[in-house]
Every structure is written in C-alpha cells, then in structure tokens.
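Participant: Below is the structure, and that's it, no one-letter string:
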C-alpha cells in the first residue's frame, strides 16, 4: 500500500469553506484550496484512523514491521502475516516474563500456534532449609519441546529461543509426539 493522493477521497473539512466570505467568492481561491484538499485528505484520514495504525491486528500490512520496530521486535518474515500480527500483539505481555520459562514457553507457543513445553536445569529454585542441597544442576540448560505437527517451525523456534533466553544458557529444541505435550 502506498500513501499519497487518493482519487475521490474527500476531506471532512474543505479549506475553501473556512476562508472568509470575500475569498469564497473568488474562483481561483476556491480551486486552489480544493487542490490542497486533495493533498490533505489522506493526511486527515490517516490522523482520524491513527488508532488503527498502532493496533497490530488492524494496522496496514506495510506498517506492521514499522510498528514492530517501536517495540524492538523483529518479526520473522517466514511467518504468515496473521501469526506475525498475533506475535506483535502479544509482545508487550511477553516482556513481563522475558527470560523466564513462562515467557519463553508463551512466546514460542504464540509464534508456532502449538503448545510448547520448556524445561530447564532448575538452577533458579532455592533450598527451603539451611544446609539442604541446592536444587537443580550446577550447569544451566534449557530444552524446548515442540509437537511433531510444528516440526516445520523448528528453525524458527531455534532462532527465537536463542534470542529470548539468557545468553549464557545453552539450549536445544526437541520434536516430540503431540500426546507428550500439555
């Protein structure tokens, strides 16, 4: 979609009608302002509908990447447009849980459209009593399990997982039978 003069688009506020009566009687002034109306009509239409431009589910497709840049999100161009829109709409909620198992699982599930299981080494848990052995493993890791029906998205899951997990934590992606996932 391109932005510019839209043939036949009328402005809700013609400039000629705002001129003093003496200029409204001047044919040149009225034709001149009518030309400006043609140029300003798309601008006024855009401003009247601005709320739609900042809604990921409504924004024109050519604005989707621009809107994503506001949030620092880089939607994968391999995703279909509807999944890119849903991922962008969910991005704000994902920031609250960024880097946690819940956040990683929810973001991967949003992107793939399938349930995803994410487990880690358990190193962020704490011991309940003094002297009790620490839970988890000394070396951190994350495993994301995706259903077989989402195997085509494995590369996407791999790249997203690498970008949303803590940088020092190694990870892997496993494809499992659908019945094993919640």
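Facilitator: That came in fine, so what should we check first? Remember, predicted model here, so these are calculated numbers, not experimental data.

Participant: can you list the domains in the protein?
Facilitator: Domain assignment of the chain by automatic domain parsing yields the ranges 15-48, 97-177.

Participant: Including distance to residue 87, mean neighbour count and mean pLDDT, could these go into CSV?
Facilitator: C-beta coordinates here come from the backbone N, C-alpha and C atoms, glycine included. Listed next are the domains of the chain as CSV, based on distance: least, CB to CB, whole Å; neighbours: other CB atoms under 10 Å; pLDDT from 0 to 100:
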stretch, distance to residue 87, mean neighbour count, mean pLDDT
domain 15-48, 25, 13, 90
domain 97-177, 5, 15, 85
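
Participant: Turn those domains into JSON lines, columns for distance to residue 69.
Facilitator: Listed next are those as JSON lines, based on distance: least, CB to CB, whole Å:
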{"stretch": "domain 15-48", "distance to residue 69": "18"}
{"stretch": "domain 97-177", "distance to residue 69": "15"}
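
Participant: between the ones you listed, which gets nearest to residue 6?
Facilitator: Comparison of those against residue 6 by CB to CB identifies domain 15-48 as nearest, at 5.2 Å.

Participant: mind checking pLDDT for the residue at minimal distance from the centre of the chain?
Facilitator: Closest residue to the average C-alpha location of the chain: residue 88 at 1.4 Å, with CA atoms, centre = their mean. pLDDT, residue 88: 87.

Participant: And the closest residue to it other than its chain neighbours, how close does it get to residue 130?
Facilitator: Nearest residue to residue 88, sequence neighbours excluded (CB to CB, 6 or more residues apart in numbering): residue 56, at 4.0 Å. Counting by CB to CB, to the nearest Å, the gap from residue 56 to residue 130 is 49 Å.

Participant: From the centre of this structure, give me the residue that's furthest out.
Facilitator: Distance from the centre of the chain peaks at residue 22, with 52.0 Å (CA atoms, centre = their mean).

Participant: any idea which helix or strand comes after the strand or helix carrying that one?
Facilitator: Using DSSP states H and E, residue 22 maps to helix 21-24. With elements assigned by DSSP H and E, the helix or strand that comes after helix 21-24 is helix 27-48.

Participant: what's that next one in contact with?
Facilitator: Around helix 27-48, the neighbours that count as contacts under CB atoms under 8 Å, 6 or more residues apart in numbering are 3-6, 9-16, 19, 23-24, 53.
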